[in-house]
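Q: sharing a sequence plus its predicted fold:
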Amino acid sequence: MEFVTQSLVIGLTENAPLVLAAIGFALLYRLTGLINVAYSETITLGAYFGMWINTTYGLDFYAILIPTGILAGALSVATYLALFRPARHHNVGALELIIISFGLSIFLRHGLQFVFGYPERFYDVPSPDTIMILGVGVTSFRLIALLSVAILSGLLYLFIQRTTLGLQIRALASDEDLARVSGIRPLAVTTLIWFIAGVAGGLAGAFYGVGASVSPLLGWRQFLLILMVALVGGSWGLGGVIVVGVATSVALAGMALQFDQVLYAQLVLIVAFVVILKVRGSKLTETAKV
Amino acid sequence: MVADVVVAPAVTRPRIRIQGAVKSFSGRVVVDVDDLVLGDQPIEGLIGPNGAGKTTLMRMIMHSTPLDRGTISLLPAGGRETVLSSLPAHRMAHHGVVKSNQVIMDFDKLTIWDSLLLAAAEARYEQPHRVFSERTVFGRHEDEIRHYLDYFGFADPTAFALSAGEKKLLDIVRCLLLRPSFLLLDEPTAGLPDELTDKVMTVVKDLAAAGTSVVIVEHDLNVIWSLCDEVLFMAEGSVILRGAPHEIRANRTVVEKYLGEGHV
Amino acid sequence: MSEAAPSVALEVEGLRSGYHGVTVLKGLDFAVGSEIFAVLGANGAGKTTLLATLARLIPLMAGTIRFQGEDVSALRPYETADRGIGYVPQEKGVFTDLTVLENLNVGGMIGARSRDERMAEVFDLFPDLRALQAQKAGTLSGGESRMVACGRALMQDPRVLLLDEPTAGLSPLYVDMFFEKIREIHETRGVAIVLAEQNATKALQVADRVMVLSLGKAFAVMDATQLTTQQLKEGYRI
Amino acid sequence: MDLKWLDAFLISGLFDVAMVMGLALLLHLQLGLGRIANFGVVGFWGIGMYVYGVLYVQVDWPFGDPWQFLVCAAAATLAAGVAGLLIGWLISDLDTDGVLMGTLGFAAVVQILATTQDDLTGGARGMGGLSFPYDIGTVKQNEFLWLAITAAVVVVILLYVWWVHRSPYGRLLIAIGGSEPLARSLGKSTFLTKLGLFTVTSAAMGFLGAMNGVFVHFLDIGTIGVAVTLAAMVGLVLGGTARVWGAVIGVILTVGLFDIVVQSYLPLPREWYTQAIPVLREALFGLALILVLVFRPLGILGDMRRDRLMRKIHGR
């Protein structure tokens, strides 16, 4: 019993940003069909943006969330307009687009390393209190991070599900041609999606950063997990991403408690996800065009 | 359902038997064939209004569209029955069941020669350790390929197929090189100039005369009326009539289904 | 609704188009006024290509399309939608991931009139949809999803409605109902309708004029009442 | 042998070029012909290197070099081949997204195992004890010979690739890369073909990994990072994914230019060498990958010219 509560509390508080990041990634994937490897750097840069605003202007952590989100969103839109959209216009194939995003990811990551060097950096925030929840000590930051992520995910979910813009996004994702003849402007809506995905990624980065530390590899370390959650959970919609994300977080924490090495938990998860994908992939071999 | 136009099946002709085959897309039943045997006659035409399920039925036979339920089996000319619907798509060609494509499909990085050699090449030469087998494969199939190239008059077979007509023709020649015993043609003449249509039809007739069963789906009904020994009329997912071309052409139901009731 | 459409809604000159380098439509000339204009023809005649070209989903190879006097040949689909061309494609007319209500709302993003008003009109036209509002469009029956597709296009307040085989694969009950609705849409709203249809009998009952397409060419363009069965059979090559 | 003209930097630079060229040539078969985007090249290379290292160092062999090398390298090749078979089976019927996840995941798994099994691999501390399977004199002479052997292996791979382009097998790979459903309808088992391709190329990647282990003498989990995959990919993409010589030209222009010319001959600040230069290298490689794919997706050499090739081998 103790094990279960521990896994739950640790998993949810430590890995809360994962859910937010996966939602953003999955949105982009579902709408544009693009696996954006450079999304990991949107997360990293979000963490840096937040830290920069926080340490330069001495702003409170919660005050920096809005500018951080906007900056990360703008960055995400910039990569779309400067890179992925022109590439699409040049008729670059889907496979090449992934490689481009892989190149962008590496470029940004190592560009950051070149500028900031290796040392890990920290947000300038008052040292957190530790609160006991179900017998597990949790820092107040992580608790608030969990709360914020839950609220943000909820807001994002509502935005996508309930607003007119969200409806346009879902319509475009569902059937592009039909959306176009229904009067939806693909460019505007696609830009919006990149912005929202960027905001989600950037905020996830800020939460990762304030929870631990900031380094150029912050986002890349999480990327495989985000990719797996988004690919596997995404087929059941946004709700699926959230559920799979939460389950992954808890499983990660639970296995970390069980095994002597945290890495084994990742190992098990990677294998599990690839097997799920394989089993589902074989079932999905629907009508070929021959 | 099938009108009782009983024809004594030719013994040596490969046939395909479709039993209780059902396929629906998002709740709509597209194909529902109770019991149907194809291949009793050398060339059979499959016609019917839009959405009758002709292309879907063809794809079900090739197992590129999985069946919801039912079985499709091949009764070869003198051999054991093979259940096609439990085989993966690439095994169809091994049993001589081959289909041309309705939509133009081509390997855009392969030349015409490449494409034909690919179709003709045996699997044992296409192994990672047999990288020196090109001459062998070329030698084995050169004459046959040259025959088709000359017959259809490809402009430059060492180059890529450029026009839609050339691609369509290439698709058909690929099928022929697979030495089909049961050939399904899905709109073979769409986009082809008339003289090539005639050439394709001549080849199809020769093939049928040599023992291959041919089933052809075609929108240009002139082709159907002049080429087929038997015509199957499909509507709402099942074959509701079959018979000689003139019988089908004169049939009230066919005219009704095509033009709507009242137009007889 | 009360506002009368200009006498010529669509003018098409020398239209050629197709897919993957195949010319499907080989030079069409016709004009559609404030009427129901039926495009008849057998499989593969080019009906679907024609409607998708008019909706600007397929680029023109040659020719022009004018809509209420304006050349729309180079416009994008969402621009023609804004100007008042509504399009209901064959079979795939609904956003399967969205609910019925959401499907209708997507259409309602265009146009000045209040969305609720238009929604009420659509529900008056297709009362069955009222009960299905919350259902995912992908789970509907064929007839229901055709109603949603039609409703979505009507929410755009179109001046011209392009309907691609609205009754293909539907049960006879729905077919009759649909043709009545098409008549009703045209008469009460003054919407010009281009109706691609294989079922000649039904189309001729509602259409003012018809064009019979045969292998990408116009076999005949004339008043619906003048078309003979013999002409039809020739056009269909039966 | 007088090797005064050859400094240590140059030998290791050339070795890097040969190693990456070998990987890029193998990646060419997967990506350029079969259109399978392997983002886990380093996993197969790394598993070869570590299996070789662990067997060579930790097992008490009854015989010495060169047999010890041959046996261990064979085992490394086999291990990488089996890994290729397994991963190939997992991803062969998935689309690019699944392939990305499977291969990236595999590379992560190899790195995790190399880290956690530290009683065998030395983990983060690294593992020494490897040496050349011969001794012909000075360190420089030994290294030079190994470089020559590696270059010969790469030439063999190049020849193989050259022949694949001229074989029914290569034609089938190109067909599968172009349209899998169409290839299937022609009776080709696309699944088995992809599986075979993945097994063979992965095994070869593993063998190259073992050869790398011999040269560097010291295995370190830092060397099995994504940089290896990137180097092979950027070289191949720059030169031209679809062409035989693409990998050769591209790797010379990327790894060759950077590891040899920039690192050895450009007057860069000394303190840059430890940290800044490798980082700069990756950043530039990433940038090159983007620029090439956006502005010239087929690389310097452009698309494959099957029309010319067909004319050459079969006449008009």
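A: Noted; the coordinates are in hand.
Q: show me the residue at the heart of chain A, geometrically.
A: Geometric centre of chain A, nearest residue: residue A:21, 1.6 Å, by CA atoms, centre = their mean.
Q: Provide a list of residues in contact with that one.
A: A:39, A:43, A:200-201, A:204-205, A:222, A:226 (CB atoms under 8 Å, 6 or more residues apart in numbering or on different chains). (C-beta placed from N, C-alpha, C; glycine too.)
Q: wait, residue B:232 touches residue B:43, no?
A: No - between residue B:232 and residue B:43 there is no contact under CB atoms under 8 Å: 11.5 Å.
Q: follow-up on the earlier one: which element is the residue nearest to the centre of chain A on?
A: helix A:2-32 (DSSP states H and E).
Q: which pair in the contacts of residue A:21 spans the largest distance?
A: Among these, the pair separated by the greatest distance (CB to CB) is A:200 and A:222, at 13.1 Å.
Q: with neighbour numbers in mind, choose between the two.
A: Between residue A:200 and residue A:222, counted using other CB atoms under 10 Å in any protein chain shown, the more crowded position is residue A:200 (33 against 23).
Q: please identify the buried residues of the helix or strand where the more buried one lies?
A: Assessed by DSSP H and E, residue A:200 sits inside helix A:186-211. Neighbour-count burial for helix A:186-211, with 16 or more other CB atoms under 10 Å in any protein chain shown as criterion, is recorded at A:186, A:189-211.
Q: and if you look at stretch B:89-104?
A: B:89-93, B:95-102, B:104.
Q: now residue D:127: closest residue in space that isn't a chain neighbour?
A: The spatially closest residue to residue D:127, leaving aside those adjacent along the chain, is residue D:219, at 4.6 Å (CB to CB, 6 or more residues apart in numbering or on different chains).
Q: and the pLDDT at the one you found?
A: Residue D:219 is assigned 91 on the pLDDT scale.
Q: taking the stretch 101-250 of chain D, what residue is nearest to chain A?
A: The nearest approach of the stretch 101-250 of chain D to chain A comes at residue D:181, 3.9 Å away (CB to the nearest CB).
Q: that residue is in what secondary structure piece?
A: helix D:180-185.
Q: for the following helix or strand past that helix, the averaged confidence score.
A: For helix D:180-185, the following helix or strand on the C-terminal side (DSSP H and E) is helix D:190-216. Averaged over helix D:190-216, pLDDT sits at 96.
Q: gap between helix D:190-216 and the chain center?
A: On the basis of CA atoms, centre = their mean, to the nearest Å, helix D:190-216 sits 8 Å off its chain's mean C-alpha point.
Q: pull the CA atoms of the helix or strand following it into CSV?
A: Downstream of helix D:190-216, the next assigned helix or strand under DSSP H and E is helix D:226-239. Written as CSV, here are the backbone C-alpha positions of helix D:226-239 (Å, rounded to 0.1, in the frame of the first residue of the first chain):
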residue,chain,number,x,y,z
VAL,D,226,23.5,10.6,-30.7
ALA,D,227,26.6,12.3,-32.2
VAL,D,228,27.5,9.1,-34.1
THR,D,229,24.0,8.8,-35.7
LEU,D,230,24.2,12.5,-36.5
ALA,D,231,27.6,12.2,-38.2
ALA,D,232,26.6,9.3,-40.4
MET,D,233,23.3,11.0,-41.3
VAL,D,234,24.6,14.4,-42.1
GLY,D,235,27.4,13.0,-44.2
LEU,D,236,25.0,10.8,-46.1
VAL,D,237,22.4,13.6,-46.6
LEU,D,238,25.0,16.2,-47.7
GLY,D,239,26.5,13.9,-50.3
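Q: counting by contacts, list what helix D:226-239 packs against.
A: Packing contacts for helix D:226-239, counted by 3 or more CB pairs under 8 Å, 6 or more residues apart in numbering or on different chains; DSSP states H and E, involve helix A:94-116, helix D:8-27, helix D:41-58, helix D:246-251, helix D:276-295.
Q: where does chain C dip in pLDDT?
A: Applying pLDDT under 70 to chain C flags residues C:1-7.
Q: and the residue in it that chain D sits nearest to, its phi and psi?
A: In chain C, the residue that lies nearest chain D is residue C:20 (13.5 Å; CB to the nearest CB). Backbone torsions of residue C:20, given as degrees, to the nearest 10, read phi 40, psi 40.
Q: I'd say it and residue B:163 touch.
A: No - contact status for residue C:20 versus residue B:163: not in contact, 10.5 Å apart, counting by CB under 8 Å.
Q: who in chain C is up against chain B?
A: Counting by CB under 8 Å from any CB of the partner chain, chain C comes close to chain B at C:20-22, C:42-45, C:91, C:96, C:138-142, C:165, C:168-169, C:198-204, C:215, C:229, C:232-233, C:236-238.
Q: what sits against residue D:107?
A: By CB under 8 Å, 6+ apart, residue D:107 lies in contact with D:39-43, D:46, D:224, D:226, D:229.
Q: just put those in TSV and tack on distance to residue B:226 and neighbour count.
A: Below are the contacts of residue D:107 laid out as TSV (distance: CB to CB, whole Å; neighbours: other CB atoms under 10 Å in any protein chain shown):
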residue	distance to residue B:226	neighbour count
D:39	55	25
D:40	57	28
D:41	58	28
D:42	63	29
D:43	60	30
D:46	65	30
D:224	68	23
D:226	63	22
D:229	60	25
